[in-house]
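Engineer: The sequence and its predicted three-dimensional model are supplied below.
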Amino acid sequence: MYKNLIAALFALALLSSTAIGQTDPSPPSKAKASSTSLTQRPLSVGFVYVTPRLPSGWVHQHELGRLSLEAQLKQQGFKVQTQFVENVAEGPDAERVIRDMAKQGVGLIFTPSFGYMEPTLKVAAEFPNVKFESITGYKTAPNVAAANARYYEGRFLAGIAAGRLSKTGVAGYVASFPIPEVVQGINAFALGMRYVNPKAQVKLVWLDTWFDPVREREAALTLMNQQADVLAFHTASDAVMVAAQERGKMAIAYHSDMRHVAPQAQLLAITHHWGQYYSERAKAVIQGTWQTGSVWGGVHEGMIKVGDFGPKVPKKVQTEILRLQRAVGKGSLLPFTGPILDNQDQVILARGQNLTDEQIMNMKFLVQGVQGSLP
């Protein structure tokens, strides 16, 4: 999650770092891990959360990653302990919390929100022996690595499901900030819908916030009043899902499975999985092999998954989505394949061509079929 992104700098910084999609070497054998744990001091790992811990959503998935890190490393014989601070506003308050963690002897600090990037870099310069992981950030330093996920891959698959099941051919999209990560998702979702219904339309509402359940709900209601019978969103609460459930409409869960609040409305969930990455990075710190760099993983790396289908999704559609997900993971199906036109009917990409990673990370257009504009 992030805002005020300078897209060109994002592309340049990320592409100049360690190869995208690469992670640290495989963990040591069990014997080596046990030997290491006999002499090591426990590694303290800290997490800073931008919202409260909720039953689902962005922070929930990172909380699952924290718990997975603890379980995996302890099972392998490593000594590790974790801590977290939740509901930390981006900006000066984040800098204070990150600095406090470093002062307390935390050896590895994960900061999963884009607005934490600059505070992380500032504190990292003061504590060169502490390792930092800027999640969704793009700037690195000798002791700061960056990581993000190809969320747009899941969005494309969700759009296909929405295109199959929408009766009006109109979807609503509640968006946070007009930054490349969010724009990628909007475009991939629209391309997915039009993959099966070339006339599908996606109506867009910008909120300029990550977390405001009241406004998220209001936006969802507005879109449903404008013929949208399926909703998608890029915000941090489950308010859109709840609104769709109340209105008898359909919705795509994001970050987490949200059937607990929208058992009938949920078509599927695009879920984020951080446990393996977090565990690998913590092990690297313990083993002394941690290096800075940038990671951009997706379906192939297991960081993004689509599933958790709701009762309105026929078995044949579920089978299709899972088959296409395997194709995305293998690289034989790419969401941003031409022809692609923007919503002003200008050619962005010719037939048979694919957008490069740099072009995707620098995305600043809306595709044909999206009703809205970039602020």
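Structural biologist: Yep, it's here.
Engineer: Double-check that Gln61 belongs to a helix.
Structural biologist: Yes. Using DSSP: H, G, I helix; E, B strand; the rest coil, the assignment for Gln61 is a helix.
Engineer: who's in contact with it?
Structural biologist: With CB atoms under 8 Å, 6 or more residues apart in numbering as the criterion, the residues that contact Gln61 are 255-256, 271-274. No exception for glycine: its C-beta is placed from N, CA and C like everyone else's.
Engineer: any weak-confidence spans in the stretch 201-350 of the chain?
Structural biologist: Per-residue confidence of the stretch 201-350 of the chain (counting by pLDDT under 70) places no residue in a weak region.
Engineer: Now do the helices in it.
Structural biologist: In the stretch 201-350 of the chain, helices defined by DSSP state H, counting those that start in this stretch lie at 213-224, 239-247, 275-287, 315-330, listed in chain order.
Engineer: Asn148 is nearest to which of the ones you listed?
Structural biologist: The closest approach between Asn148 and any of the helices of the stretch 201-350 of the chain, judged by CB to CB, belongs to helix 275-287 at 10.5 Å.
Engineer: Report all helices and strands that that closest one contacts.
Structural biologist: Applying 3 or more CB pairs under 8 Å, 6 or more residues apart in numbering; DSSP states H and E, one finds that helix 275-287 contacts strand 43-48, helix 58-75, strand 108-111, strand 131-135.
Engineer: out of the ones you listed, nearest to Ser166?
Structural biologist: Comparing those by their distance to Ser166 (CB to CB), the top pick is helix 58-75, with 25.7 Å.
Engineer: Buried ones in that closest one, by neighbour count?
Structural biologist: Along helix 58-75, these residues count as buried under the neighbour rule (16 or more other CB atoms under 10 Å): 58-66, 68-70, 72-73.
Engineer: what angle do that helix and helix 275-287 make?
Structural biologist: Using axes from the mean of the first three to the mean of the last three CA atoms, to 10 degrees, one finds that helix 58-75 and helix 275-287 are set 50 degrees apart in direction.
Engineer: how far does helix 58-75 sit from the chain's center?
Structural biologist: When C-alpha coordinates are averaged (CA atoms, centre = their mean, to the nearest Å), helix 58-75 and its chain have centres 16 Å apart.
Engineer: Same list, the helices and strands packed on helix 275-287, but as CSV with mean pLDDT and distance to Ala89 please.
Structural biologist: Formatted as CSV, the helices and strands packed on helix 275-287 follow (pLDDT from 0 to 100; distance: least, CB to CB, whole Å):
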stretch, mean pLDDT, distance to Ala89
strand 43-48, 98, 11
helix 58-75, 96, 13
strand 108-111, 98, 13
strand 131-135, 97, 17
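Engineer: any chance of the ones you listed in JSON lines, plus distance to Pro339?
Structural biologist: Supplementary listing: the helices and strands packed on helix 275-287 in JSON lines, determined by distance: least, CB to CB, whole Å:
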{"stretch": "strand 43-48", "distance to Pro339": "43"}
{"stretch": "helix 58-75", "distance to Pro339": "33"}
{"stretch": "strand 108-111", "distance to Pro339": "39"}
{"stretch": "strand 131-135", "distance to Pro339": "34"}
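Engineer: All the helices of the stretch 1-150 of the chain, residue numbers only.
Structural biologist: So, for the stretch 1-150 of the chain - with DSSP H, counting those that start in this stretch - the helices run 7-15, 30-39, 58-75, 92-103, 117-126.
Engineer: how about the CA coordinates for stretch 69-81, as PDB?
Structural biologist: These are the backbone C-alpha positions of stretch 69-81, laid out as PDB (Å, rounded to 0.1, in the frame of the first residue of the first chain):
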ATOM      1  CA  LEU A  69       7.700 -16.800  10.200                       C
ATOM      2  CA  GLU A  70       7.700 -17.700  13.900                       C
ATOM      3  CA  ALA A  71       6.300 -21.200  13.300                       C
ATOM      4  CA  GLN A  72       8.600 -22.100  10.400                       C
ATOM      5  CA  LEU A  73      11.800 -20.900  12.000                       C
ATOM      6  CA  LYS A  74      11.200 -22.400  15.400                       C
ATOM      7  CA  GLN A  75      10.300 -25.700  13.700                       C
ATOM      8  CA  GLN A  76      13.600 -25.700  12.000                       C
ATOM      9  CA  GLY A  77      15.500 -25.000  15.200                       C
ATOM     10  CA  PHE A  78      16.200 -21.300  14.900                       C
ATOM     11  CA  LYS A  79      15.700 -18.900  17.800                       C
ATOM     12  CA  VAL A  80      13.400 -16.100  16.900                       C
ATOM     13  CA  GLN A  81      10.900 -13.800  18.500                       C
END
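Engineer: Who does Gly307 form a beta bridge with?
Structural biologist: Ala269 (DSSP bridges).
Engineer: Pro339 and Gln368, how far apart?
Structural biologist: 9 Å (CB to CB, to the nearest Å).
Engineer: between the two, who's got more neighbours?
Structural biologist: Gln368 (19 against 12; other CB atoms under 10 Å).
Engineer: And for that one, nearest residue in space, chain neighbours not counted?
Structural biologist: Leaving aside its chain neighbours, Gln368 sits nearest to Leu341 (4.3 Å; criterion: CB to CB, 6 or more residues apart in numbering).
Engineer: how many neighbours does the one you found have?
Structural biologist: Counted by other CB under 10 Å, the residues lying close to Leu341 total 15.
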